[in-house]
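# Need coordinates for the following:
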Amino acid sequence: QVQLVESGGGLVQTGGSLRLSCAASGRISTYGMAWFRQARGKEREFVAYISWSGGTTDYARPVKGRFTFSRDNAKNTVYLQMNSLKPEDTAVYYCAAGLRSFLVVSRSANEYDYWGQGTQVTVSS
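Residues are numbered from 1 along each chain as shown. Purely as a prediction, here's the structure:
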């Protein structure tokens, strides 16, 4: 079993940057990883995906070109670099790990087995 702990959230002004981290208690090299987010009153939505090696990434259209997903399997940690932040990026961001998404891009929350507790990102206008 893998436990995931996110960090790096906070309050930032429009146009600013944040770097989220997700540290795992065990090895994540056999897992596809993803970030999802949930804004108040809205459903959880896919943000970004990265394959086990980092060779494949996928981004939701609203964040493409602004967010970068990376991983360091030696440290069992993944990162989400968020630039040019907008108020609509305000949400709780969740890290997720999935065996079934090891190689194949998955945007469905159902494909992920383990989830972190979330970290709040607030972008002020």
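
# is it true that Val123 touches Gly10?
No: counting by C-beta atoms under 8 Å, Val123 does not reach Gly10; the two are 9.9 Å apart. For glycine as for every other residue, the C-beta is placed from the backbone atoms N, C-alpha and C.

# Looking at these two, which one has more neighbours?
Between Val123 and Gly10, counted using other C-beta atoms under 10 Å, the more crowded position is Val123 (20 against 13).

# Test of understanding: give the bridge partners of the residue lying closest to Tyr59 once chain neighbours are set aside.
Distances taken as C-beta to C-beta, 6 or more residues apart in numbering put Ala48 closest to Tyr59, at 5.0 Å, once the chain neighbours are dropped. Taking DSSP bridges as the rule, Ala48 bridges to Trp35, Tyr59.

# Give me the neighbour count for Ala48.
24.

# quick one, strands of the chain?
Using DSSP state E, the strands of the chain run over 4-7, 10-13, 18-24, 32-38, 45-50, 57-59, 67-72, 77-82, 91-98, 114-115, 119-124.

# Mind giving me the packing neighbours of the first one?
Yep, that's strand 4-7 we're talking about. Packing partners of strand 4-7 (3 or more C-beta pairs under 8 Å, 6 or more residues apart in numbering; DSSP states H and E): strand 18-24, strand 91-98.

# and if you look at the longest one?
With contacts defined as 3+ C-beta pairs under 8 Å, 6+ apart, strand 91-98 has these neighbours: strand 4-7, strand 18-24, strand 32-38, strand 114-115, strand 119-124.

# if we go to 6 Å?
strand 32-38, strand 114-115, strand 119-124 (3 or more C-beta pairs under 6 Å, 6 or more residues apart in numbering; DSSP states H and E).

# got it, and the last one?
The contact analysis (3+ C-beta pairs under 6 Å, 6+ apart) places strand 119-124 against strand 10-13, strand 91-98.

# For the longest one, enumerate its sheet partners and note whether each is parallel or antiparallel.
Applying DSSP bridges, strand 91-98 is found paired with strand 32-38 (antiparallel), strand 114-115 (antiparallel), strand 119-124 (antiparallel).
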